[in-house]
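Engineer: curious how this folds, go ahead:
(2 chains)
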Amino acid sequence: MRNAEVARVLQDIADLLEIKGENRFKIRAYQRAVLSLEHLTEEVARLVAENRLRKISGVGEAIAAKITELVNTGHLRCYEELKAEFPEGISTLLEIPGIGPKTALLLASELGIKTATDLEAAIDDGRVAALPRLGKKTAQNIRHHLETLRRKDRRIPLGEALTIVEEVVSRLTDFPGLKNLTPAGSLRRFQETVGDIDLMGTADDPEAVTRAFAGLPLVSEVLARGPTKASVIVAGGLQVDLRIVAHDEFGSLLQHFTGSKQHNIDLRERAVHLGLSLSEYGITEIKAGKLEKFATEEAFYARQGLSYIPPEIREGRDEIELAAAHKLPILLVREDIRGDFHVHSDWSDGRESLADMARAAQACGYEYIGFSDHSAGRGIAHGLSVERVRQQLAEIKRLNETISGIRILSGLEVDIRADGSLDMPDELLAELDIVTAAVHSSLNQDEAKITARIIKALESPHVDVLAHPTGRLIQQREPAAVDMEAVLEAARRTGTAIEINAMPDRLDLKDTHVYRARELGVRLVIGTDSHHRDHLDNLRFGIGVARRGWAQAADILNTRPLAEVMEFLGH
DNA sequence: GCCGTTTTCGGCCCGACTGTTTTCAGTCG
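Structural biologist: Predicted coordinates:
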């Protein structure tokens, strides 16, 4: 049983306990366990088998027993009993904004509502408004939420959100007296999808800023606007909330709205034991009752005796503990990157020449660039034949003699066939500087088959890097059923690097697998998969994912000087 | 239900908004 399935059952238990009106700390205990499972870098089934469940933070005796029963038998008796106490489907009502546990129970038990459609009908004929504690206004609010939910029922990918937020920021950035304009929330933490965008800033005249913000041309609807905050819908249906405070309060504000929720809960729980109370307004010494303000996040964390915690790792793992001991790793930064190995040219499906891409890479400050055009595999656009690869090799040799200041490495993105063989002959691969292998077809093979297929490719002495290991496209294509633990183990054994593909709709390897790869000592590579010079900038998404996986510069092959890279590649 | 630099028992984050319950519960982030 997969971690996600176990997490889903525990989440449902938490929801049902909430509806039941159970002790809220018990509910929180389940929610914390769910989060731990989502961050877990090993298979929970393995932890059950090895009796190591209690090692997971937030999993105690009772939840460990439940996970064990669930994994071993496929069922959980107390869960079945809990479900039987309530009308079927009741917990799905909680997904509708404005409906919490009390309202869900009321709707399900009094009106027999199971779905959004039932609910809509009950609102329209007045049954919802007639319920105790609800009224006409509440019913209409729920109706409105249902409609917006139908228009936009999904989170949007990080890449799209970032483009929009940068547009907003660039239009406000020169506004007189406005400072510190920064996106917060899941966007700042580089989560792969975001629900809405929270913008924070400080200003001499906050109201003038919210007015200008609400009047921006890309705003399609103003939901609310007051003296210090405004909420708008921008083109594409995305909600953007802006909040402006005085300059000396920015640190605590940004910290609060960056989250994550669990990180803030953990932080505040710890603060209580230190006699401090934290909020978006600052820190209050509980005894003295006096509020201290913080202009920067660094000062806010320092007041609690903590090192600065980078946003990407504020996820409620063990970052606070490590910050208290001043033992947080120094995460990778963009300036650490010295090159890119996943770049296409117009020899296959890229849009630019080798020379132009090399110069663009040089303009990024890189020491080296590795081309990885497609091989002639089945179904791949303009894949290179053996003969064309040899021609490209000669061209790269010539370019290295004429272009100075950057070293061009020859390579291929060779296709891993359905049986795990590579679609280019070994003799040719041996002539290349760097060979990247990837699956592009038959992505629906079962777990055993696709895992064995990838491992077979890793075992080829010529393969240096495995690219976009699961083939997922965020919100478009599910990841292949790869047993990532087995693949990472094979990568470690064979000394093959694993790519963090930086295309914003791939981000594959994902953050939790980056964390696991590091634990196992697998070398990682950030590849942009650029088909145009503008794509080289997608590096920042790869950096974000790497940082979410706690990666340091030393974990990433393309932060290393050329000589060390060549040594890794066996040249 | 979990957990321990006060604690194996007694704690467990903080604040804002909304609607309707004349004093606050429910929901959200």
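Engineer: ok, A:Leu432 touching A:Val414?
Structural biologist: No - A:Leu432 lies out of contact with A:Val414 (Cβ atoms under 8 Å); the separation is 9.1 Å. C-beta: built from backbone N, CA, C; applies to glycine.
Engineer: which one of those two has more residues nearby?
Structural biologist: Neighbour count, other Cβ atoms under 10 Å: between A:Leu432 and A:Val414, A:Val414 has more, with 29 against 25.
Engineer: report the spatially nearest residue to A:Val128, omitting neighbours in sequence.
Structural biologist: Leaving aside its sequence neighbours, A:Val128 sits nearest to A:Ala139 (Cβ to Cβ, 6 or more residues apart in numbering; 4.3 Å).
Engineer: report the secondary structure element holding the one you found.
Structural biologist: Assigned by DSSP states H and E, A:Ala139 falls within helix A:136-151.
Engineer: likewise A:Asn264?
Structural biologist: Counting by DSSP H and E, the element that carries A:Asn264 is helix A:261-273.
Engineer: name the residues of that helix that are buried.
Structural biologist: A:Gln262, A:His263, A:Asn264, A:Asp266, A:Leu267, A:Arg270, A:Ala271 (16 or more other Cβ atoms under 10 Å).
Engineer: out of these, which are close to DNA strand B?
Structural biologist: Subset of those in contact with DNA strand B: A:Asn264, A:Ala271, counting by Cβ under 7 Å from any atom of the strand.
Engineer: closest one of the buried residues of helix A:261-273 to A:Asp12?
Structural biologist: Comparing the buried residues of helix A:261-273 against A:Asp12 with Cβ to Cβ places A:Gln262 closest, at 18.7 Å.
Engineer: just give the nearest non-adjacent residue to that closest one, would you?
Structural biologist: Going by Cβ to Cβ, 6+ apart, A:Gln262 has A:Gly316 as its nearest residue, at 3.1 Å.
Engineer: quick one: contacts for the one you found?
Structural biologist: Contacts here follow Cβ atoms under 8 Å, 6 or more residues apart in numbering; on that basis A:Gly316 touches A:Arg32, A:Leu35, A:His39, A:Ser260, A:Lys261, A:Gln262, A:His263, A:Ile265, A:Asp266.
Engineer: give the contact list for the fifth one.
Structural biologist: Translated: A:Lys261. Residues near A:Lys261 by Cβ under 8 Å, 6+ apart: A:Gly316.
Engineer: per-residue pLDDT, it?
Structural biologist: We have a pLDDT of 94 for A:Lys261.
Engineer: check the last one too.
Structural biologist: According to the predicted model, the pLDDT of A:Asp266 comes to 94.
Engineer: quick one: it and A:Leu37, what's the gap?
Structural biologist: In this structure, A:Asp266 and A:Leu37 are 17 Å apart, going by Cβ to Cβ, to the nearest Å.
Engineer: identify each buried residue in stretch A:370-388, please.
Structural biologist: Buried residues in stretch A:370-388, counted by 16+ other Cβ under 10 Å: A:Gly370, A:Phe371, A:Ser372, A:Asp373, A:His374, A:Ser375, A:Ala376, A:Gly377, A:Ile380, A:Gly383, A:Leu384, A:Arg388.
Engineer: same question, stretch A:401-415
Structural biologist: Within stretch A:401-415, the residues that count as buried by 16+ other Cβ under 10 Å are A:Ile406, A:Arg407, A:Ile408, A:Leu409, A:Ser410, A:Gly411, A:Leu412, A:Glu413, A:Val414, A:Asp415.
Engineer: can you count the residues close to the residue nearest to A:Val128?
Structural biologist: With other Cβ under 10 Å as criterion, A:Ala139 counts 21.
Engineer: need the contact list for it.
Structural biologist: Residues near A:Ala139 by Cβ under 8 Å, 6+ apart: A:Ile123, A:Gly126, A:Val128, A:Ala129.
Engineer: now swap in A:Asn141 and tell me
Structural biologist: With Cβ under 8 Å, 6+ apart, A:Asn141 has these contacts: A:Gly98.
Engineer: in terms of helices and strands, where is A:Ala448?
Structural biologist: helix A:447-458.
Engineer: where does the stretch 51-200 of chain A dip in pLDDT?
Structural biologist: Flagging of the stretch 51-200 of chain A using pLDDT under 70 yields the residue ranges A:152-153.
Engineer: which residues in it form strands?
Structural biologist: Shown for the stretch 51-200 of chain A, the strands assigned by DSSP state E, counting those that start in this stretch span residues A:156-157, A:178-183, A:193-194, A:197-203.
Engineer: ok, and what's touching the second one?
Structural biologist: The contact list for strand A:178-183, computed with Cβ under 8 Å, 6+ apart, reads A:165, A:169, A:172-173, A:188, A:197-203, A:209, A:244, A:247, A:250, A:254.
Engineer: residues in the stretch 1-150 of chain A within reach of DNA strand B, list them.
Structural biologist: A:23, A:25-26, A:28-30, A:32-33, A:57-64, A:94, A:96-104, A:132-138, A:141.
Engineer: quick check: domain ranges of chain A?
Structural biologist: A:3-152, A:155-245, A:251-324, A:334-568 (automatic domain parsing).
Engineer: mean neighbour count, these: which tops it?
Structural biologist: By mean neighbour count, with neighbours taken as mean count of other Cβ atoms under 10 Å, domain A:334-568 ranks first of the domains of chain A at a mean of 20.
Engineer: distance between the ends of that one?
Structural biologist: When the termini of domain A:334-568 are compared using Cα to Cα, to the nearest Å, they are 21 Å apart.
Engineer: same check on stretch A:294-314?
Structural biologist: 19 Å.
Engineer: and that stretch with DNA strand B, contact?
Structural biologist: No - using Cβ under 7 Å from any atom of the strand, stretch A:294-314 never reaches DNA strand B; the gap is at least 11.0 Å.
Engineer: quick one on the thing from earlier: helix/strand/coil for the residue nearest to A:Gln262?
Structural biologist: Following DSSP: H, G, I helix; E, B strand; the rest coil, the label given to A:Gly316 is coil.
Engineer: which stretches in the stretch 201-350 of chain A count as helices?
Structural biologist: Using DSSP state H, counting those that start in this stretch, the helices of the stretch 201-350 of chain A run over residues A:206-214, A:250-258, A:261-273, A:297-303, A:319-324.
Engineer: in helices only, show me the buried residues of stretch A:370-388.
Structural biologist: A:Arg388 (DSSP state H).
Engineer: which one of the buried residues of stretch A:370-388 is nearest to A:Glu499?
Structural biologist: The nearest member of the buried residues of stretch A:370-388 to A:Glu499, counting by Cβ to Cβ, is A:Ser372 at 9.9 Å.
Engineer: that closest one and A:Val435: what is the separation?
Structural biologist: Distance from A:Ser372 to A:Val435, by Cβ to Cβ: 8 Å.
Engineer: how confident was the prediction at A:Gly377?
Structural biologist: Note on A:Gly377: pLDDT of 65.
Engineer: which bits of the stretch 201-350 of chain A sit near DNA strand B?
Structural biologist: Within reach of DNA strand B by Cβ under 7 Å from any atom of the strand, the stretch 201-350 of chain A has these residues: A:224, A:257, A:261, A:264-265, A:268-269, A:271-273, A:275, A:277-281, A:284.
Engineer: since that was my last question, I'll sign off now.
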